[in-house]
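**Q** The sequence isn't on hand, but the structure is:
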């Protein structure tokens, strides 16, 4: 997953909008995501999505850990969000466990699925652009 | 060839030592969580192998467990607070009744105040005991009955009173508040009636027993006093005490019976 030059960078993430309209956020390798870092990223993504709600591809393959409060922040429960759906890319063993835990325990408020192939995630997310 | 085998063995030994160390580290953290020590975390290293994945899962599980435990403790604290406040409020009502009766000399009125105070106290005592109990929901019924009967006795006590209480109550019986309140109020009425009417010579015995028999409980409470007069119809009595006994027995879905031989004895069977 190539990070374009115009991507917004925060401590643990790069975020941008693809040409097809799907928003992306990629976790930096070895990131230990706390609630502060999760909020920082939520703000960055929301500022990208100011004018239009979009589906979001989350490349979590480089993640090392994510605290409970950070998982709650990303679940979008009880807060306004510009995100229509999450497609979470997992690859490493750690990201698989964190992704599945997030899905099972924190149950995001918007449609969410795990993928190990970027292309499949994009196809699934694009359906939300049409809604 | 020999060198290759020896390097292979060395690598396997190192792998085994690594696996053992990582597995032990994860096990130690799991054991710490079992002891409710949630500040422990397993190591999650950069390469992200299967141990790191399991470790990441264990760490997240620990956070969730810690959160649930904290919520549970907060709820317990809240429940404790509720029992404490209910008990205090009931005691305030009792004190108000005391104040109300301070300048009253009418014996009948004072007796009514005392009866009301005892009814309130029988309920306040349950909340006091629940507040002090371990699980905040159940109380050992024997302890309650002993304290209740002594408290009622105190309210009637005069220096010439010589009443002996005999208890036969299963030690292991613990009841929730839904059962405790009607049982407490019923016993309060029975004991009060005995202390008021059964012993003109101020001497006697009050017996209380409670046993579990299969799926039912059998409560017996009574005295060896003078009994009801021949003309007393306890089933249709208009006294508040008797009405309460019948009403509360129904609340327990119980069957009440009264024996008027060698004193009065009430029997209550409830599930």
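**A** Yep, that arrived. Just so you know, these numbers come straight off a predicted model, no measurement behind them.
**Q** give me the beta-bridge partners of the residue of the stretch 151-271 of chain B found nearest chain A?
**A** Closest residue of the stretch 151-271 of chain B to chain A, C-beta to the nearest C-beta: residue B:176 (32.4 Å). The C-beta positions use only the backbone N, C-alpha and C, and glycine is treated the same way. On the basis of DSSP bridges, residue B:176 is bridged to residue B:138.
**Q** go on, residue A:86?
**A** With DSSP bridges as the rule, residue A:86 is bridged to residue A:56, residue A:112.
**Q** Spatially nearest residue to residue B:76 (excluding sequence neighbours)?
**A** Counting by C-beta to C-beta, 6 or more residues apart in numbering or on different chains, residue B:136 is the residue found nearest to residue B:76 once chain neighbours are left out, at 6.2 Å.
**Q** Am I right that the one you found is in a helix?
**A** No. According to DSSP: H, G, I helix; E, B strand; the rest coil, residue B:136 belongs to no helix; its state is coil.
**Q** How about the contacts made by it?
**A** B:76, B:79-80, B:83, B:130 (C-beta atoms under 8 Å, 6 or more residues apart in numbering or on different chains).
**Q** burial count for the residue of the stretch 151-271 of chain B closest to chain A?
**A** Other residues near residue B:176 number 12, with proximity taken as other C-beta atoms under 10 Å in any protein chain shown.
**Q** Need the pLDDT of it.
**A** Residue B:176 is assigned 89 on the pLDDT scale.
**Q** Count the residues that sit near residue 90.
**A** Since no chain was named, I'll use chain A. Using other C-beta under 10 Å, residue A:90 has 21 neighbouring residues.
**Q** wait, chain B
**A** The number of residues near residue B:90, taken as other C-beta under 10 Å, comes to 20.
**Q** Residue B:31 versus the nearest residue to it once chain neighbours are set aside, what's the distance?
**A** In this structure, residue B:90 finds its nearest non-sequential neighbour in residue B:124, 3.8 Å apart by C-beta to C-beta, 6+ apart. Residue B:124 is 44 Å from residue B:31, where distance means C-beta to C-beta, to the nearest Å.
**Q** Just the buried positions in stretch B:102-118, please.
**A** Under the neighbour-count criterion of 16 or more other C-beta atoms under 10 Å in any protein chain shown, stretch B:102-118 has B:113-118 buried.
**Q** For the residues you listed, give me JSON lines that also has secondary structure.
**A** JSON lines is the format used below for the buried residues of stretch B:102-118 (three-state DSSP):
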{"residue": "B:113", "secondary structure": "helix"}
{"residue": "B:114", "secondary structure": "helix"}
{"residue": "B:115", "secondary structure": "helix"}
{"residue": "B:116", "secondary structure": "helix"}
{"residue": "B:117", "secondary structure": "helix"}
{"residue": "B:118", "secondary structure": "helix"}
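**Q** and of those, the nearest to residue B:159?
**A** Residue B:159 lies nearest to residue B:114 out of those, by C-beta to C-beta, at 17.5 Å.
**Q** residue closest to the middle of chain A?
**A** Nearest to the geometric centre of chain A sits residue A:58, at 3.1 Å (C-alpha atoms, centre = their mean).
**Q** I'd like the next helix or strand past the helix or strand harbouring that residue.
**A** Residue A:58 belongs to strand A:54-59 when assigned by DSSP states H and E. The helix or strand immediately downstream of strand A:54-59 is strand A:63-66, counting by DSSP H and E.
**Q** Give me every residue in contact with the strand holding residue A:58, excluding its own residues.
**A** Against strand A:54-59 from outside (C-beta under 8 Å, 6+ apart): A:1, A:17-18, A:21-27, A:45, A:82-89, A:118, A:121-122, A:125-126, A:128-129.
**Q** Please apply the same query to stretch B:147-165.
**A** B:114, B:117-118, B:121-122, B:125, B:129, B:146, B:184, B:187-188, B:191-192, B:195-196, B:199, B:202-208.
**Q** Can you say which of those are buried?
**A** B:114, B:117-118, B:121-122, B:125, B:129, B:184, B:187-188, B:191-192, B:195, B:199, B:204-208.
**Q** In helices, which of the residues you listed appear?
**A** Counting by DSSP state H, the part of the buried ones among the contacts of stretch B:147-165 found in helices is B:114, B:117-118, B:121-122, B:125, B:129, B:184, B:187-188, B:191-192.
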